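Chemist: requesting a structural model of the entry that follows:
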Amino acid sequence: MSVSVVVGAAIISDGRLLAAQRAEPPELAGGWEFPGGKVDPGESDEQALVRECQEELGVQVRLGDRVGGDWPLVLGGAVLRVWTASVVAGGEPKALEHLALRWLALDDLYDVDWLPGDLPVVEAIAPYLAR
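Modeler: I've put the predicted structure just below:
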């Protein structure tokens, strides 16, 4: 059985990280996450992440470094794969599928209630914000 893969974008701008508040499903609604989603059949992880950012945020992103390896997600037994990213077209990200978006500086990273699967990645992203 193949493991389900979810991809996430750590979108960084001016030393700040974009966090997205989930609208659904009910058990995850209100929690904060990295924008992204499931990889469709025939897509690479990177293609899926670029597509998801376009669908969810209305922006085109350029992917940078992969952050860590496979981060286990509690729900569904999937793994999360995260890349750093920057917006290259489309202007300011918009909450098209989320309740809200927030830009978080290094000192604000834990001001939102991160979903359990995303939380360990936040720590791994912190050094990128300090650059």
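
Chemist: determine the longest helix present in this protein.
Modeler: helix 45-57 (DSSP state H).

Chemist: ok, residue 128 - contacts?
Modeler: 10, 12, 65, 67, 84 (CB atoms under 8 Å, 6 or more residues apart in numbering). All C-beta atoms are positioned from the backbone trio N, CA, C, and that covers glycine.

Chemist: tell me the one among those residues nearest to residue 122.
Modeler: Among the contacts of residue 128, residue 10 lies closest to residue 122 (CB to CB), at 8.7 Å.

Chemist: a helix runs through that closest one, doesn't it?
Modeler: No - assessed by DSSP: H, G, I helix; E, B strand; the rest coil, residue 10 does not belong to a helix; its assignment is strand.

Chemist: the residue nearest in space to the middle of the chain and residue 42: what is the separation?
Modeler: Nearest to the mean C-alpha position of the chain, by CA atoms, centre = their mean, lies residue 34 at 2.1 Å. Distance of residue 34 to residue 42, given as CB to CB, to the nearest Å: 23 Å.

Chemist: can you check residue 22 too?
Modeler: Counting by CB to CB, the gap from residue 22 to residue 42 is 26 Å.

Chemist: re earlier: show me which residues of the helix or strand that the longest helix of the chain is followed by are buried.
Modeler: Moving toward the C-terminus from helix 45-57, the next helix or strand (DSSP states H and E) is strand 60-72. Within strand 60-72, the residues scored as buried using 16 or more other CB atoms under 10 Å are 61, 63, 67, 71.

Chemist: in its sheet, what does strand 60-72 sit against?
Modeler: Taking DSSP bridges as the criterion, strand 60-72 sits next to strand 79-89 (antiparallel) in its sheet.

Chemist: may I see the buried residues of the partner strand?
Modeler: Across strand 79-89, burial judged by 16+ other CB under 10 Å covers 79-85, 87.

Chemist: likewise for stretch 122-131?
Modeler: Within stretch 122-131, the residues that count as buried by 16+ other CB under 10 Å are 122, 125, 128-129.

Chemist: can I get the CA coordinates of that stretch in PDB?
Modeler: Output of stretch 122-131 as PDB, limited to C-alpha atoms (Å, rounded to 0.1, in the frame of the first residue of the first chain):
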ATOM      1  CA  VAL A 122       7.400  25.300  12.000                       C
ATOM      2  CA  GLU A 123      10.500  24.700  14.100                       C
ATOM      3  CA  ALA A 124      12.400  23.500  11.100                       C
ATOM      4  CA  ILE A 125      11.300  26.600   9.100                       C
ATOM      5  CA  ALA A 126      12.400  29.100  11.800                       C
ATOM      6  CA  PRO A 127      16.100  29.300  10.500                       C
ATOM      7  CA  TYR A 128      14.800  30.300   7.100                       C
ATOM      8  CA  LEU A 129      13.100  33.400   8.600                       C
ATOM      9  CA  ALA A 130      16.300  34.400  10.400                       C
ATOM     10  CA  ARG A 131      18.200  34.700   7.100                       C
END
